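Participant: I would like to see how this sequence folds:
(chains A and B)
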2 protein chains.
Amino acid sequence: MSDVYEPTERTTVKRLPARGSYDRKVVHQILDEGLICHLGFVVDGQPFVIPTIYVRVGETLYVHGSPASRMLRTLEQGVPACATVTHVDGLVLARSAFHHSMNYRSVVVLGTATVVSEPDKKNEILHALTDHLIRGRWEEIRHPSPDELRRTLVLALPIEEASAKIRTGPPLDDEEDYALRVWAGVLPLKITASDPIADSRLAPESAIPPYAAGYDGPNSA
Amino acid sequence: MSDVYEPTERTTVKRLPARGSYDRKVVHQILDEGLICHLGFVVDGQPFVIPTIYVRVGETLYVHGSPASRMLRTLEQGVPACATVTHVDGLVLARSAFHHSMNYRSVVVLGTATVVSEPDKKNEILHALTDHLIRGRWEEIRHPSPDELRRTLVLALPIEEASAKIRTGPPLDDEEDYALRVWAGVLPLKITASDPIADSRLAPESAIPPYAAGYDGPNSA
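Facilitator: Model prediction:
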């Protein structure tokens, strides 16, 4: 397998091409650090963009939800879809308004989804999904019953047509603006967890697990 | 003006309708707390979802960028668009895999964009955009030159067809699962800033401004 996704007309980063990447590892890493993607699909010519949890396993993105979800019912018909994952890494504060920017990493995946119907495979994906969000959780919780698996629609979106776009580093000002006495730099941003809030109906001796008390974001599957 | 957005067939929250809201204040507040939206548009039947900075002013969302941007060049033609803003507020850790969820607040805005071409109006929107991202910044920085304004495309998306979807609170488990000795609760998540990183070419006496050192997220315009 090639180290890169073959850029297509649709995934080629045209605006600021130096920010584009088609490297498989780069794309995977960005995907693996995300909690939600924004899924795009079209109904009667109108695009809809809906946030949803996902996990990457190998070269596939999986999403899941209720069989009653309009998003999933639309996507399972094999219509064109777009899944986008974005990390906002910082505000880029330049000396001029024009050069203000954002440090970010994003991935766009284009394709069509297929339904995962085999119960064992669905269970395996829900396992990967849960451990992607919070590693260690799956082995402690009650696993899906056959009926719950039936009530869960799982869709697979192959990662074949994909690209990443990344901005890092300091502001890039016009040369004459560097003389201005304006503070400039980057304000780093990150998603952080605060103390877990225990459910009011905990059974006795249900201690906060270390993976929740020391949560450090999602994991690769 | 009504306190609510009239729900349409396209914005009615059908799946878990109790999570839906059409309240103007609720929609505005969610929009005002966001740094980026995910903008959806369609090219040759293929949906694209692209992250971009935005600001709400009154009943309009504004986005901006280079006139070379495919996204903006597509949207300025007045094609159907969807702007979605999502805040991930926490992981909801239930006793069963099936009832795991996420606390979140999201807004979906459907509509078509128009170009803002008047230079003073564009400047005003860039002012609002900058102060939305980081209040206090605009008055310190060099403002856009006429040429920079020409090189900035500003689009307006009216907030007319919009809805919010919100989940809050603890996990909701099946009654028999409450007896399980599994820790359950919510892991709150939030975007936080760490120490600003000064640009290596700061002019002398360029102190870190208080709005950057004590950054607490975006503001309403």
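
Participant: all helices for chain A, in order.
Facilitator: The residue ranges that make up the helices of chain A, judged by DSSP state H, are A:24-32, A:70-75, A:119-133, A:146-150, A:210-213.

Participant: low-confidence stretches in chain A?
Facilitator: For chain A, residues meeting the criterion pLDDT under 70 lie at A:221.

Participant: switch to 80 and redo it
Facilitator: Across chain A, the ranges flagged by pLDDT under 80 are A:220-221.

Participant: and the strand ranked longest in it, which strands flank it?
Facilitator: Among the elements of type strand in chain A, defined by DSSP state E, the one spanning the most residues is strand A:80-93. Using DSSP bridges, strand A:80-93 pairs in its sheet with strand A:36-43 (antiparallel), strand A:101-112 (antiparallel), strand A:185-193 (antiparallel).

Participant: now the longest one and helix A:24-32, what's the angle there?
Facilitator: Read that as strand A:101-112. For the pair strand A:101-112 and helix A:24-32, the angle between their directions (axes from the mean of the first three to the mean of the last three C-alpha atoms, to 10 degrees) equals 100 degrees.

Participant: need the helices of chain A in a markdown table (columns: distance to residue B:127 and mean neighbour count).
Facilitator: Backbone N, C-alpha and C define where each C-beta goes, glycine included. Formatted as a markdown table, those follow (distance: least, C-beta to C-beta, whole Å; neighbours: other C-beta atoms under 10 Å in any protein chain shown):
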| stretch | distance to residue B:127 | mean neighbour count |
| --- | --- | --- |
| helix A:24-32 | 32 | 18 |
| helix A:70-75 | 36 | 20 |
| helix A:119-133 | 39 | 19 |
| helix A:146-150 | 51 | 14 |
| helix A:210-213 | 42 | 16 |
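
Participant: out of the ones you listed, which is closest to residue A:188?
Facilitator: The minimum distance between residue A:188 and the helices of chain A falls on helix A:24-32, with 16.9 Å, by C-beta to C-beta.

Participant: ends of stretch A:62-81, how far apart?
Facilitator: According to C-alpha to C-alpha, to the nearest Å, stretch A:62-81 extends 13 Å from its N-terminal end residue to its C-terminal end residue.

Participant: swap in stretch A:158-173?
Facilitator: According to C-alpha to C-alpha, stretch A:158-173 extends 40 Å from its N-terminal end residue to its C-terminal end residue.

Participant: which of the residues in it are buried?
Facilitator: By neighbour count, and taking 16 or more other C-beta atoms under 10 Å in any protein chain shown as the criterion, the buried residues in stretch A:158-173 are A:159, A:161-167, A:170-171, A:173.

Participant: which non-adjacent residue is nearest residue A:19?
Facilitator: Nearest residue to residue A:19 in three dimensions, chain neighbours excluded: residue A:165, at 5.1 Å (C-beta to C-beta, 6 or more residues apart in numbering or on different chains).

Participant: ok, the residue lying farthest from the centre of chain A to residue B:142 distance?
Facilitator: Taking C-alpha atoms, centre = their mean as the measure, the residue most remote from the mean C-alpha position of chain A is residue A:179, 39.8 Å away. Residue A:179 sits 11 Å away from residue B:142 when distances are taken as C-beta to C-beta, to the nearest Å.

Participant: same check, this time on residue A:35
Facilitator: Using C-beta to C-beta, one gets 37 Å for the distance from residue A:35 to residue B:142.

Participant: again, but for residue A:199
Facilitator: From residue A:199 over to residue B:142 (counting by C-beta to C-beta), the distance is 52 Å.

Participant: more neighbours, the two?
Facilitator: residue A:199 (23 against 18; other C-beta atoms under 10 Å in any protein chain shown).

Participant: that one touches residue B:182, doesn't it?
Facilitator: No - because the distance of 9.8 Å does not satisfy C-beta atoms under 8 Å, residue A:199 is recorded as not touching residue B:182.

Participant: neighbours of residue A:46, just the number please.
Facilitator: Neighbours of residue A:46 under the rule other C-beta under 10 Å: 18.

Participant: quick check: it touching residue B:9?
Facilitator: No - counting by C-beta under 8 Å, residue B:9 is not a contact partner of residue A:46; they are 10.4 Å apart.

Participant: end to end, how far does stretch A:148-167 reach?
Facilitator: Termini of stretch A:148-167 sit 42 Å apart (C-alpha to C-alpha).

Participant: relative to residue B:20, which of the helices of chain A is closest?
Facilitator: For these, distance to residue B:20 was read as C-beta to C-beta. The smallest value, 12.6 Å, belongs to helix A:70-75.

Participant: give the bridge partners for residue A:109, please.
Facilitator: For residue A:109, the residues forming beta bridges with it (DSSP bridges) are residue A:83, residue A:162.

Participant: my read: it touches residue A:82, true?
Facilitator: Yes - applying C-beta under 8 Å as the test, residue A:109 and residue A:82 come out as touching, 7.0 Å apart.

Participant: show me what contacts residue A:45?
Facilitator: Remark: with contacts taken as C-beta atoms under 8 Å, 6 or more residues apart in numbering or on different chains, residue A:45 is in contact with B:42, B:80.
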